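Undergrad: Dropping a prediction and its sequence here:
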Amino acid sequence: MTEYGKWRSLIDGASVIPDSDIAQFEQGSLDSSFGSTSDWAVESSTPELTGTYTLHSKVNNPETILSTDGSLRYVEQDQRSACYVYSDTGGKTGSSWAGLSFGGQDTDNFYYVANLPSSNEIVVGKYENASLDDNRAAVSTSFDTWYDLEFDWLSDGTIEVRIFEVDSNGDRTSSSLGSSTYSDSTWSSGGIGFQVFASAGRPSYDNWRVLEVL
């Protein structure tokens with residue numbers, strides 16, 4: 001954990017939670033800790049949901065960007081966080097995947113949660129040495145629609161993901177559409193990131209935030 005993360009841990013549970021925009025999209029550019037890439041961009045163009053800026057994938061190829069050392073707020077165990085996710089219509093021709101990475105060691109080793117409207121599933125699992133292992137649950141979601149993807153990461157290794165419908169302001173309009181759970185204790189800390197695991201479709205992400213300490 002960075003010194004920034006240690007400092008934030010000391011005051012969590014007070015006025016810090018909830019913490020909005022932990023990936024700092026509202027600074028108007030992709031944080032330098034994600035590395036240099038032209039395949040992803042923080043832009044004010046549509047689709048967008050909250051604030052001014054949204055992260056957009058610019059390619060259809062599988063790719064993960066990950067920040068492991070910087071000034072960002074990294075998700076910790078025993079926290080609940082959520083991010084708005086969007087899959088565009090192009091994903092209908094492939095296995096469109098709007099995924100979040102956390103506990104990341106590098107781009108071949110991390111935990112993930114994702115929404116897959118092309119197969120009507122939500123996913124939670126581990127990507128270790130470039131190999132996927134996950135649990136999936138049937139959930140009916142649509143393309144060209146924003147959803148709130150929420151997950152708990154507990155210190156006993158349990159990870160539970162849920163997904164919610166939202167209105168144009170990002171407020172939830174329903175109870176959870178479904179959930180899936182995965183248990184593993186390989187990593188207890190690490191970086192955050194975003195994924196395209198698809199041959200088509202370009203996901204977008206908005207306002208990843210920490211909701212509460214569990």
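TA: Sure thing, it's come through. The shown structure was predicted, so the numbers you read here are calculated from the model rather than taken from an experiment.

Undergrad: State the helix or strand in which the most centrally placed residue in the chain lies.
TA: Centroid-nearest residue in the chain: residue 100, 2.7 Å away (criterion: C-alpha atoms, centre = their mean). Assessed by DSSP states H and E, residue 100 sits inside strand 98-106.

Undergrad: Quick check: next helix or strand after that strand?
TA: Using DSSP H and E, the first helix or strand after strand 98-106 is strand 109-116.

Undergrad: Show me what that following strand pairs with in its sheet, parallel or antiparallel.
TA: Paired neighbours of strand 109-116 in the sheet (DSSP bridges): strand 98-106 (antiparallel), strand 121-128 (antiparallel).

Undergrad: mean confidence score for the shortest one?
TA: Which is strand 121-128. Average pLDDT, strand 121-128: 96.

Undergrad: Buried residues, it. List them.
TA: For strand 121-128, the neighbour count (16 or more other C-beta atoms under 10 Å) marks 121, 122, 123, 124, 125, 126, 127, 128 as buried. C-beta here means a position set from N, CA and C on the backbone, and glycine is covered the same way.

Undergrad: residues contacting residue 113?
TA: Counting by C-beta atoms under 8 Å, 6 or more residues apart in numbering, residue 113 makes contact with 99, 100, 122, 123, 124, 149, 151, 159, 161.

Undergrad: quick one: pLDDT of the second one?
TA: With respect to pLDDT, residue 100 has a value of 96.

Undergrad: didn't it look like it was pressed against residue 149?
TA: Yes - Residue 100 is within contact range of residue 149, at 6.6 Å (criterion: C-beta atoms under 8 Å).

Undergrad: shared neighbours, the two?
TA: 83, 85, 113, 114.

Undergrad: Which one of the residues you listed is nearest to residue 170?
TA: residue 83 (10.7 Å; C-beta to C-beta).

Undergrad: Okay, that closest one and residue 97: tell me how far apart.
TA: Remark: distance between residue 83 and residue 97 (C-beta to C-beta, to the nearest Å) = 14 Å.

Undergrad: and what of residue 185?
TA: Separation of residue 185 from residue 97 (C-beta to C-beta) stands at 25 Å.

Undergrad: show me where the protein has strands.
TA: 40-43, 54-57, 63-67, 79-86, 98-106, 109-116, 121-128, 131-138, 146-153, 158-165, 178-183, 191-196, 204-213 (DSSP state E).

Undergrad: Please state the offset of the first one from the chain centre?
TA: What it means is strand 40-43. Mean C-alpha position of strand 40-43 versus that of the full chain (C-alpha atoms, centre = their mean, to the nearest Å) differs by 15 Å.

Undergrad: do stretch 156-164 as well
TA: Remark: stretch 156-164 is offset 12 Å from the chain centroid, using C-alpha atoms, centre = their mean.
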